[in-house]
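Participant: Give me coordinates for this.
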Amino acid sequence: MTVIDRRMQRSECLNALRWLGIRVLSLLFFFSPINRALSQPPIEVAVPPSLATAELPTATQNDRVLLQRVIQLAEQQPSEALQTVLRIMESDHGKVIYVPSPRASAGFHRYVSLRILCQQVISVLGESELQAYRNQVDPLAVELIEEATESKNSGLLRRLLREWPQSSYAGRAALLLGDLAFADGDFDLAREAWLSLIPEVNNKGIPHYLVHQDLPDQAAVS
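Facilitator: The predicted structure is shown next:
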C-alpha cells in the first residue's frame, strides 16, 4: 500500500468517525435531560434556498464537542457538567445552534440561542448545581435590580432576564419589568413580563420566559 493510499484510507476513516459522532450526538440529545428541557412544541421557520448560505453566528465545533460532554456528564457528574456549560457561555457571543427538528424532512430548520440552551441545561442538572450557579450570578443580578429600581431602567431588567434567567432574582426582575412597562403604557411588554412568571405546564420548574425566550409563539408562524 502506497503512502497516498494510506492517507486516503485514513481520511475516509476520519470522515466516517465524524459522521458517526454527529449521529451519536443527535441520539444523545434526544434521550437526555437536556432534550426534555426543550420539549416545548417546535418553533420553526422554513429557510428559503437563498438564505441557506446566510452567515449566522453559529456554534463552533468546539461548542458542540463541549455540549456532547455535558450530555455525557449530566447524570453521573453534574458538577463537572455545570463547569463545562459555564465554559460554553463564556464565549457564546450571541451564537445560535441547530437542534434536531421533527419537521426537517419538510424543509424546516430550528436554531436556538446557544446561551438559552445552556441556561435550560443548568435548569435540569440538579438542585446543588443550580444553587452553585446562583451563588455566582445572584450578586450581579441584585446590583442590576437595585440600579433598575432606582433609575427605572427596563433595559437593565431585560439584560438580567436575557443573561441570567436562572438567577434567584429573575422572577423579581420580571415582575418589576412588568410594573415599569405598565407605568410607561407599554402594555404588551407588561403582559409578556407578567406571563413569564407562570411555569409551563409541560416544563415543570422551567419559567415561561426561559422556555420561549427568542422563540415566537407557534400561532405566530403557522
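Participant: could you show me where the helices are in this structure, in order?
Facilitator: Remark: helices assigned in the chain by DSSP state H are 3-30, 33-37, 61-73, 78-90, 114-123, 127-151, 154-163, 170-183, 187-195, 208-211, 218-221.
Participant: Pull out the buried positions in the third one.
Facilitator: Burial within helix 61-73, assessed by neighbour count using 16 or more other CB atoms under 10 Å, is assigned to Asp63, Arg64, Leu66, Leu67, Gln68, Arg69, Val70, Ile71, Leu73. All C-beta spots, glycine's among them, are computed from the backbone N, C-alpha and C.
Participant: neighbouring contacts of stretch 84-91?
Facilitator: With contact meaning CB atoms under 8 Å, 6 or more residues apart in numbering, stretch 84-91 is reached by 63, 66-67, 69-70, 73, 114-115, 118, 121-122, 125, 133.
Participant: Mind putting those into TSV with pLDDT and distance to Leu140?
Facilitator: Output for the contacts of stretch 84-91, formatted as TSV (pLDDT from 0 to 100; distance: CB to CB, whole Å):
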residue	pLDDT	distance to Leu140
Asp63	78	23
Leu66	80	23
Leu67	79	24
Arg69	81	26
Val70	81	23
Leu73	76	26
Leu114	81	20
Arg115	83	15
Cys118	84	16
Val121	82	20
Ile122	83	15
Leu125	81	20
Tyr133	89	12
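Participant: and of those, the nearest to Leu161?
Facilitator: Comparing these against Leu161 with CB to CB places Arg115 closest, at 11.8 Å.
Participant: and Leu160, what is it in contact with?
Facilitator: By CB under 8 Å, 6+ apart, Leu160 lies in contact with Ala141, Leu144, Ile145, Ala148, Ser167, Tyr169, Ala170, Ala173.
Participant: Equivalent analysis for Ser79, please.
Facilitator: Ser79 is in contact with Ser128, Glu129, Ala132, counting by CB under 8 Å, 6+ apart.
Participant: what do you get for Leu189?
Facilitator: By CB under 8 Å, 6+ apart, the residues touching Leu189 are Ser154, Leu177, Gly178, Ala181.
Participant: And the residues you listed, which is closest to Leu195?
Facilitator: Closest approach between those and Leu195, by CB to CB: Gly178, at 8.8 Å.
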